[in-house]
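K.L.:
3D, please:
(2 chains, ligands or ions: 1)
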Amino acid sequence: MQERRWLLEGVERPDADALDVYRRNGGYDGAWRAFDEIDPAAVIDEVEAAGLRGHGGAWRPVAARWRAAGALGGVRALLVDVSESESGRFRDRKLAERLPHRLIEGALIAAHALTADDVYLCVRADWRRARSVLGHAMDEARAAGWIDRALGRSGHAVRLHLHPVPGPLPARGTDQLLPHLIECSRPEPRASNGTNDLPTLFGAPVLVHTAATLAFLPAILARGSGAFRELGSADFPGTVAISVSGHIRRPGLFEVEIGSGSFGELIDTLAGGVVDETDLLAVFPGGAPALDGDALKSLQIDPGVWSQPGGGEHEGSFGCGTIVVADDAVTPLDLAARWLDHAAQLGCGQCPVCREGSVWLIQHLQRLREGGVTAIDPSALQERLEILAHGEGEGLAICGHPTVAAHVTQGLLQIAPEHVDSQASAGATPIDDDAPLRTADSIHLRF
Amino acid sequence: MPPMTARCHIEIDDRAVEATRGQSVLEALHTHGVVVPALCHHPGLSCPATCRSCVVQVEGQGGSRMVTACNHTVAEGMIIRTEDSESRSLRSRALAEMVQRHAMECPICPASGECELQEAIGGHGPQAQAHELAGSSERVALGARLHFEAGRCIQCSRCARFEQEVSGAGQVGIKGRGPQIEITTGPAGVDHPLSGNLVDLCPAGALVDPASTVAAPAWTLRSVDTTCGSCATGCAVRADVDSAGQVTRLRPRLDSDVNDWWMCDEGRFGFDQELEGRLRLPEPATPDEETAWHVAVDRLRRRMAQPRSAVWLSPFLTLEEASVLIDAATTWGARLFLWSVEDRGEMSFPGGFRISGSRAPNTTGVGRLREAGETSVGTTKDLQTAIGEDQVGQLLMCGGGPAGVRPRLDRSGVSFLATHNLVSYEKADLVLPASHWLEKDGTFVNDRQQLRRVRPARAPMAGQTDLELFLQLAGREPTSAAEIFRELASRHEWLEGSSHAQLDANQRTHPQGVAAGGAWVDTLQRQGLLVIEDPAR
Ligand code: FES
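P.N.:
As a prediction, the model looks like this:
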């Protein structure tokens, strides 16, 4: 297996974040083509021909979303989500820090296709480096006349705003949440009332895109949709950047062609294998259940094999391309308790199912971890996890945050069910865990 | 005529019904008598749809879905199901989660018996739930009449929204995230003039009035719909009366023309100082002794029939009382004056609620009687001038307002002074006890020219009402306020077409046991689990 860089193309160049380096390597050619040579409708056609989908986790076709927005009367602004909050995901942050101009250019192209005049780059406030790099890049782009000024023959001027948002945020529902944050409200997604699909910012309809999705646009415009289509599968063309962290020799961000191999190959070849040659266990923080090592190894890197959105045989969703690898020194039960605790803290606290359900689960997982004199009914635990997992689909939760939290926890508990059972019986001894999992914040990245 | 499209046809639990376009599913359900819990929704506030306890099944274009009834609107052909096992179990789940950490203190909670959460759990909650005792809840005093029981809070956010949208004070907010989310206030607590509404809003008994913890439980109360007489806004209120006949509290009633769902703290909490106050006059008195009513009435009629008499009307009188008193004064040949209470300036709030500048409930009404009457009625200033010119020998001075609202009049030179008041603060030759507005039957006209109906919530402390007194003074046979109003309506064009019966149409006296908003008790009654006999019937 090898890397195939499209999104991260040129990331290894010294000063990859500088405008002149970016420009010298074909940067802003795509934007120029979009603004000068073709009209917005043609941009949408090009993106449709490329078959680009959103990389935020839902994998919705980008051009279809743009057309739907147009049918609803268009949008006034584009919000770019640079606030990824799932543990172990660091793709958008690295993109903003290393290739800020690709992100800016992608945002320009999308705004032009949507004929929106404003772009809000919503960057987590605690990512100081990403914010300063993006801010500097915006200054450069502004000075060079790319933003805030009429561009090409279209004469369309796009204003860019850098907006820090508090992070981390709930893992889902950012569509509804980011406008809230720009309006300086609490980080709470709004409930859908089943009518208008478009979120609003100060009353105006907007569209929210994940940073990585937009960063595919410059090359699609510059090189043409055909080149993009050559990669990946028919349904999911192109590449995907996977954040790999945890008990792994070379943690990092790897961009590979969709469907070009399995996670096992990715871990063994590109990421250097699990530390100490131990067995592995993996966590997918993107909607998919956690999988045990063997199941993960043979799994293709392809959203199409998942029931969401590809209709494949695996129950769950591919998510946004993040894996946290744990070796067998970690107890799944312990990890599940920690995981859920973390996820609960990220929730907004509005829906009882998520707020109270996770409190109950955390309490009980904690009891399992500690063992104890009284027995616990593990089936009650499963039941509560099911409720949490189906929260959004059944209308009990506003967003998919509890679903993600539950899926991961469920998967972890399934890895060693007999362990859960033995901890649940009376007189179990406490699990003593000295191999805490390292996630992206403590690992050394390659670039 | 409303446009054709204003109605649409929907189906609720296999029943074909009509709904209004643009109405929410929840409203449509309520109009047709179907109850689903709605714990975060309040009709007077924005709808965040976060509690998820109102989930129902909806079939429309695009198949069947589980939707929150509060924030989805009805559409033509919509099929709504609330009784199916799936939506029932979802609602029960949402409620089960909500009471997970709710301190189950119903036996000592003042909201018990009229608690929305209790009702929701009873009607839609899980059959049985292992509840791990959440420990007793922590009580925080947010204001003199507002305490917060943190352990009972279910994070519906109604209070925080009220503070933003209605009171505009923003003194209650939400802090924290996830499981740590909680209601909080600033160091000043809650001290705005609408704070009492927070208690009504709270669906879980977390915001309570400390006084209510020692009051009679809700299911022993009887309620009377009336109008608040504490200012000229004339809020529709409900007076709750305990089995001893004492008014224990006032709560606002929905009246979208006047007060929506709200009332101010002054009206809500201020009444009992006067109503039950220790200084309240029990019977008529002369400076030396208490006298019987008939002695006092005789004496007053005799004195007032002499020349140079004057009657000072009070804006605290009802239309009926004022009109009878004007009649009496006319037979005496007494001059009439009207006390105008000083305006303190209107207070208005972002949600449209307002507190009138006038603390007297019926200045407009008595004023309009004056305009329409044949006899001219002077102002306070006119009266002062008349006293100064020695034209007033006998004066009947009506008050009836709260202790803080006193007439200022220099009455030296008046040889006989009779006062008519709740408490005695003036040395007079004859002191007559007045009725409190909670003891009155009649009508007020508020400062927006709206007719407001006041109905007695308790028997008059002084043994008879103002109206009875004035009828005696006028030498008339006893009659009802409704009858007098009918007379008035025939004499005054602006009252034409109104009657007590018509004003009463949406008001009622609730039999004992169905206290204000005691929907829980209603539910029990519907299920035949509770039978309440109305002693009045
Ligand atoms: S009342 Fe509908 S979600 Fe709370």
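K.L.:
which residues of the chain score low on pLDDT?
P.N.:
With no chain named, the answer covers chain A. Along chain A, segments meeting pLDDT under 70 span A:196, A:277, A:284-288, A:433-447.
K.L.:
Hmm, no, I was thinking of chain B.
P.N.:
For chain B (pLDDT under 70), the answer is B:1-5, B:128-137, B:372-375, B:506-537.
K.L.:
where exactly do the strands run in chain A?
P.N.:
A:77-82, A:118-124, A:159-165, A:200-201, A:204-210, A:239-246, A:252-257, A:280-283, A:291-292, A:306-308, A:314-317, A:322-327 (DSSP state E).
K.L.:
okay if I get those as TSV plus mean neighbour count and distance to the ligand?
P.N.:
(C-beta placed from N, C-alpha, C; glycine too.) Formatted as TSV, the strands of chain A follow (neighbours: other C-beta atoms under 10 Å in any protein chain shown; distance: least, C-beta to the nearest ligand atom, whole Å):
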stretch	mean neighbour count	distance to the ligand
strand A:77-82	28	26
strand A:118-124	24	27
strand A:159-165	18	26
strand A:200-201	19	20
strand A:204-210	21	23
strand A:239-246	26	35
strand A:252-257	23	40
strand A:280-283	28	32
strand A:291-292	20	35
strand A:306-308	18	25
strand A:314-317	19	26
strand A:322-327	26	32
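K.L.:
Go through the ones you listed and name the closest to B:C156.
P.N.:
strand A:200-201 (23.7 Å; C-beta to C-beta).
K.L.:
mind listing what that closest one pairs with, with the direction of each?
P.N.:
Partners of strand A:200-201 in the sheet, by DSSP bridges, are strand A:204-210 (antiparallel).
K.L.:
still on that earlier bit, dump the strands of chain A to TSV, plus distance to B:I181.
P.N.:
Listed next are those as TSV, based on distance: least, C-beta to C-beta, whole Å:
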stretch	distance to B:I181
strand A:77-82	23
strand A:118-124	21
strand A:159-165	19
strand A:200-201	24
strand A:204-210	24
strand A:239-246	29
strand A:252-257	34
strand A:280-283	26
strand A:291-292	32
strand A:306-308	29
strand A:314-317	27
strand A:322-327	27
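K.L.:
B:F269: which of those is closest?
P.N.:
Among these, strand A:200-201 comes nearest to B:F269, with 40.8 Å by C-beta to C-beta.
K.L.:
contacts for the closest one?
P.N.:
With contacts defined as C-beta atoms under 8 Å, 6 or more residues apart in numbering or on different chains, strand A:200-201 is touched by A:R76, A:A77, A:L79, A:Y120, A:P179, A:I182, A:E183, A:V206.
K.L.:
Now for the residues you listed: which two are most distant?
P.N.:
Across the contacts of strand A:200-201 (C-beta to C-beta), the longest gap, 13.9 Å, separates A:R76 and A:E183.
K.L.:
quick one: which of those two has more around it?
P.N.:
Remark: of A:R76 and A:E183, A:R76 carries more neighbours, 19 against 11, as counted by other C-beta atoms under 10 Å in any protein chain shown.
K.L.:
which residue sits closest to the more buried one in space, ignoring its chain neighbours?
P.N.:
A:A204 (3.9 Å; C-beta to C-beta, 6 or more residues apart in numbering or on different chains).
K.L.:
now do B:L417
P.N.:
Nearest non-adjacent residue to B:L417, counting by C-beta to C-beta, 6+ apart: B:A428, 4.6 Å away.
K.L.:
I'd guessed the one you found sits against B:H420; true?
P.N.:
No - contact criterion C-beta atoms under 8 Å: B:A428 and B:H420 do not qualify, at 9.5 Å.
K.L.:
Show me what the residue positioned nearest the centre of chain B is bridged to.
P.N.:
Residue closest to the mean C-alpha point of chain B, counted by C-alpha atoms, centre = their mean, is B:V237 at 1.5 Å. Here B:V237 sits in beta bridges with B:T226, B:P252, as judged by DSSP bridges.
K.L.:
For it, give me its contacts.
P.N.:
B:V237 makes contact with B:D225, B:T226, B:T227, B:C228, B:L250, B:R251, B:P252, B:R253, B:M263, B:G267, according to C-beta under 8 Å, 6+ apart.
K.L.:
For the closest residue to the ligand within the stretch 51-200 of chain A, give me phi and psi.
P.N.:
Of all residues in the stretch 51-200 of chain A, A:A191 sits closest to the ligand, at 7.1 Å by C-beta to the nearest ligand atom. Backbone torsions for A:A191, taken as degrees, to the nearest 10, come to phi -70, psi 140.
K.L.:
That one reaches B:T68, doesn't it?
P.N.:
Yes - in this structure, A:A191 is within contact of B:T68 by C-beta under 8 Å, at 6.6 Å.
K.L.:
More neighbours: the two, which one.
P.N.:
Using other C-beta under 10 Å, the more surrounded residue of A:A191 and B:T68 is B:T68, with 32 against 24.
K.L.:
Report the spatially closest residue to the closest residue to the ligand within the stretch 301-450 of chain B, excluding sequence-adjacent ones.
P.N.:
Closest residue of the stretch 301-450 of chain B to the ligand, C-beta to the nearest ligand atom: B:G351 (19.3 Å). Distance criterion C-beta to C-beta, 6+ apart; nearest residue to B:G351, sequence neighbours excluded, is B:V166 at 3.4 Å.
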